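>>> Generate a structure from the sequence data that follows.
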Amino acid sequence: MFSRYEAWIDLLMMANHTENKLLIDSTLEIVKPGQVITSIRKLCERFSWSNTKVHRFLKLLEQDEMITFKSDTKKTVIRIVAYESYHNDDRARASHKHTGNIVEAHQKHTNKNVKKYMKNELRKTF
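Numbering: from 1, shown residues only. Sure, this is the predicted structure:
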């Protein structure tokens with residue numbers, strides 16, 4: 001049985017990262033980044049919760065403006081409201097890697113200069 005925290009993280013993980021197409025009962029649905037297309041029944045099974053508990057949880061998230069959702073007889077479409085803010089870590093990692101590369105190049109350059117300086121100083125003493 002999932003906790004509410006685990007269910008929230010699971011919804012975040014289930015959300016599409018890129019735009020995709022999904023076939024639902026011979027209808028092609030476009031799923032945008034930050035959206036989950038599922039059903040209340042599937043969420044009940046996934047979280048090991050009752051239908052009522054899933055509905056209350058989704059309503060709670062919606063009231064807190066974390067998601068929006070629409071259900072019909074075939075599917076439930078959940079949209080993570082601040083999806084981009086949860087998945088900006090790729091940009092942060094790329095920036096961190098870039099900064100690390102700059103620091104590494106600078107360190108190598110500095111080490112070369114120190115070695116040259118030390119070599120010159122040793123020559124002067126002998």
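
>>> Show me how this protein divides into domains.
4-84, 88-125 (automatic domain parsing).

>>> worst average pLDDT in those?
Note on those: lowest mean pLDDT is at domain 88-125, with a mean of 56.

>>> What segments of the chain are helices?
With DSSP state H as the criterion, the chain has helices at 4-14, 40-47, 51-63, 83-86, 89-125.

>>> contacts for stretch 37-46?
Stretch 37-46 is contacted from outside by 2, 10, 14, 22, 24, 29, 31, 49-51, 54-55, 71, 74-78, using C-beta atoms under 8 Å, 6 or more residues apart in numbering. C-beta coordinates here come from the backbone N, C-alpha and C atoms, glycine included.

>>> Just the buried residues of stretch 14-27, please?
Buried residues in stretch 14-27, counted by 16 or more other C-beta atoms under 10 Å: A15, N16.

>>> Let me have it in PDB, keeping just the CA atoms, if that works.
What follows is stretch 14-27 as a C-alpha-only set of coordinates in PDB (Å, rounded to 0.1, in the frame of the first residue of the first chain):
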ATOM      1  CA  MET A  14       4.500   8.300 -14.600                       C
ATOM      2  CA  ALA A  15       4.300  11.700 -16.300                       C
ATOM      3  CA  ASN A  16       5.400  11.900 -19.900                       C
ATOM      4  CA  HIS A  17       8.700  13.600 -20.500                       C
ATOM      5  CA  THR A  18       8.000  14.400 -24.100                       C
ATOM      6  CA  GLU A  19       4.900  14.600 -26.300                       C
ATOM      7  CA  ASN A  20       3.600  11.200 -27.300                       C
ATOM      8  CA  LYS A  21       0.600   9.600 -28.900                       C
ATOM      9  CA  LEU A  22      -1.400   6.900 -27.100                       C
ATOM     10  CA  LEU A  23      -4.000   4.700 -28.600                       C
ATOM     11  CA  ILE A  24      -7.100   4.400 -26.400                       C
ATOM     12  CA  ASP A  25     -10.000   2.400 -27.800                       C
ATOM     13  CA  SER A  26      -9.100   3.100 -31.400                       C
ATOM     14  CA  THR A  27      -8.700   6.900 -30.700                       C
END
